[in-house]
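# coordinates only, no sequence provided:
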Ligand SMILES: Cc1cc2nc3c(=O)[nH]c(=O)nc-3n(C[C@H](O)[C@H](O)[C@H](O)COP(=O)(O)OP(=O)(O)OC[C@H]3O[C@@H](n4cnc5c(N)ncnc54)[C@H](O)[C@@H]3O)c2cc1C
Ligand code: SF4
């Protein structure tokens, strides 16, 4: 059952076994497992509820407004030597899964080794995580993308990569009968992408899950070491007018409001501050786009939004993957306006796009203010080098594939006509302040660890000092994961759900 703003004409207080904040990847997995086990579960979701038929029909500006937080442009600021980073996040029932690319990678084994050996998180075993990943992949229908869904530009690039001997190939995505219409980031119009609304939340509703949409939680209530419930306000989705106050009393509280909003909410509720780690440790997977212009038409839009990746440089911190964002989003990042802008748009049928993502060692921070979280992220020198390296790797591959020129993600010095020119680029030739950097993968702001003095969560996602308060979203991911993170997040949440069901200590509270 989904209740929306219209169903809360007055202040309301409800009881449940479990209250979950946020209905994205982390929250939906928990809701499914706990409601299937027979518990009365309520999810509070700040965003609105749209059926797949509704979100599938939204024109791009409407989708940006209704499905994204801050219309798709939350900004991370850094020092004078660091680029600003535009972060994208979902805000709707289904969270970011409604607007994500559907790319599915398991956490690479070398990353899990890092957690175990360097961070001391020996509670995370490869076997258990693999079982969790397998279960997630089954629920969200993860399949390898066929080669015929590579757009024509990527077919050329894949050939060039093969010639170089680079490891890589077709990626997996959570889709059923994807026809390559390339609209994933505005919500799949064909219900091909198996987001959590179509999978986990749908199944959980059959087990009695109640979803309260348009309910923004402001507070987690507590009595000593016990969380007693959550409360917030129901808003009108268009006017933003406050309509009612809702309180949910529960025996178990799970926070899954994303890596930017979970630490903010905990801090606002006076929770999780003891270690002084709350909100720190933010990783972003800073990403770059590299456009290539060919002599002939390559029709980059004719193929899946994402379908192909190069694995070769992953361990060094560069994840290279194709992505073809719709023209509406792309136009703002092309280097030209007026007549020059029109000229560039004329090149659109000859344009290919490849992306590079840095597995970052920089650590940012979410600060709470009375108006919401502020995000500070200073990119370190190592990540800046990786960022430039990713651009050069992608650019050189485009030239190998026959591109005539490139447009790089710099606010000036963007057009590059030769390999020589490309290879001369460095952190010193283009100041990071002029880099156009995006992120769709904030993680890590509720540090997971064995010692309450140095971490916010224990290795089973319980907030230290609390008996019945858990965090199961991207904020619990211990480090950058070198690949797109939804399977990691859902796998970690699955493992946490297994643990909670096997150890229902919270039931006796
Ligand atoms: C455009 C885009 C493309 C992406 N592509 C991929 C991809 O192809 N593959 C991949 O692996 N990953 C991808 N990701 C990343 C992936 O979707 C996220 O990492 C993942 O969804 C994070 O899960 P989460 O549960 O932490 O948060 P989310 O899924 O973002 O869910 C958090 C939810 O909490 C709600 N919330 C926040 N605060 C409150 C509050 N106070 N009260 C009530 N509700 C609240 C939000 O509205 C939101 O719905 C993409 C992300 C984006 C934005
Ligand atoms: S490419 Fe089109 S059909 Fe395939 S998942 Fe994305 S939006 Fe859906």
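Thanks, I have it. Just so it is clear, the model here is predicted, and its values are computed rather than measured. Residues are numbered from 1 along each chain as shown. Ligands and ions are numbered 1, 2, ... in the order given.
# from the centroid of this protein, which residue is nearest?
Using Cα atoms, centre = their mean, the residue of the chain that lies closest to the mean C-alpha position is residue 441, 3.9 Å off.
# was I right to think it contacts residue 260?
No - using Cβ atoms under 8 Å as the test, residue 441 is too far from residue 260 to be in contact (11.4 Å). Any C-beta I mention is one placed from the backbone N, CA and C, and that applies to glycine too.
# and the residue nearest to the centre of the chain, what element?
Assessed by DSSP states H and E, residue 441 sits outside every helix and strand.
# just say helix, strand or coil for residue 339.
helix (DSSP: H, G, I helix; E, B strand; the rest coil).
# what about it, distance to ligand 1?
Per Cβ to the nearest ligand atom, to the nearest Å, residue 339 is found 31 Å from ligand 1.
# state the pLDDT value of that residue.
Reported pLDDT at residue 339 in the predicted model: 85.
# kindly report the same for residue 146.
94.
# now stretch 209-218: buried residues?
209, 210, 211, 212, 213, 214, 215, 216, 217 (16 or more other Cβ atoms under 10 Å).
# go back to these and keep what's next to ligand 1.
216, 217 (Cβ under 6 Å from any ligand atom).
# could the buried residues of stretch 209-218 go into JSON lines alongside secondary structure and pLDDT?
Below are the buried residues of stretch 209-218 laid out as JSON lines (DSSP: H, G, I helix; E, B strand; the rest coil; pLDDT from 0 to 100):
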{"residue": "209", "secondary structure": "coil", "pLDDT": "98"}
{"residue": "210", "secondary structure": "strand", "pLDDT": "98"}
{"residue": "211", "secondary structure": "strand", "pLDDT": "98"}
{"residue": "212", "secondary structure": "strand", "pLDDT": "98"}
{"residue": "213", "secondary structure": "coil", "pLDDT": "98"}
{"residue": "214", "secondary structure": "coil", "pLDDT": "98"}
{"residue": "215", "secondary structure": "strand", "pLDDT": "98"}
{"residue": "216", "secondary structure": "strand", "pLDDT": "98"}
{"residue": "217", "secondary structure": "strand", "pLDDT": "98"}
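# I'd like to know which of the buried residues of stretch 209-218 is nearest to ligand 1.
The closest of these to ligand 1 turns out to be residue 217 (Cβ to the nearest ligand atom; 3.7 Å).
# was I right to think the closest one contacts residue 43?
No - counting by Cβ under 8 Å, residue 217 stays clear of residue 43, with 10.4 Å between them.
# what do those two both touch?
residue 21 (Cβ atoms under 8 Å, 6 or more residues apart in numbering).
# interface residues of the stretch 1-150 of the chain facing ligand 1?
21-27, 44-47, 88-92, 95-97, 99-103.
# among the residues you listed, which are located in helices?
Mapping these onto helices (DSSP state H) picks out 25, 26, 27.
# circling back to that earlier point, now the two most distant members of the buried residues of stretch 209-218.
The most widely separated members of the buried residues of stretch 209-218, counting by Cβ to Cβ, are 209 and 216 (19.2 Å).
# in this protein, which residue sits nearest ligand 1?
residue 24 (2.0 Å).
# excluding sequence neighbours, find me the nearest residue to that residue.
Nearest residue to residue 24, sequence neighbours excluded (Cβ to Cβ, 6 or more residues apart in numbering): residue 95, at 2.0 Å.
# tell me the contacts of the closest residue to ligand 2 within the stretch 351-500 of the chain?
Going by Cβ to the nearest ligand atom, ligand 2 is nearest to residue 486 of the stretch 351-500 of the chain, at 13.6 Å. Residues in contact with residue 486 (Cβ under 8 Å, 6+ apart) are 25, 97, 100, 103, 104, 174.
# number of residues surrounding the residue lying closest to the fourth one once chain neighbours are set aside?
Counting by Cβ to Cβ, 6+ apart, residue 484 is the residue found nearest to residue 103 once chain neighbours are left out, at 4.3 Å. Applying other Cβ atoms under 10 Å, we find 23 other residues in the vicinity of residue 484.
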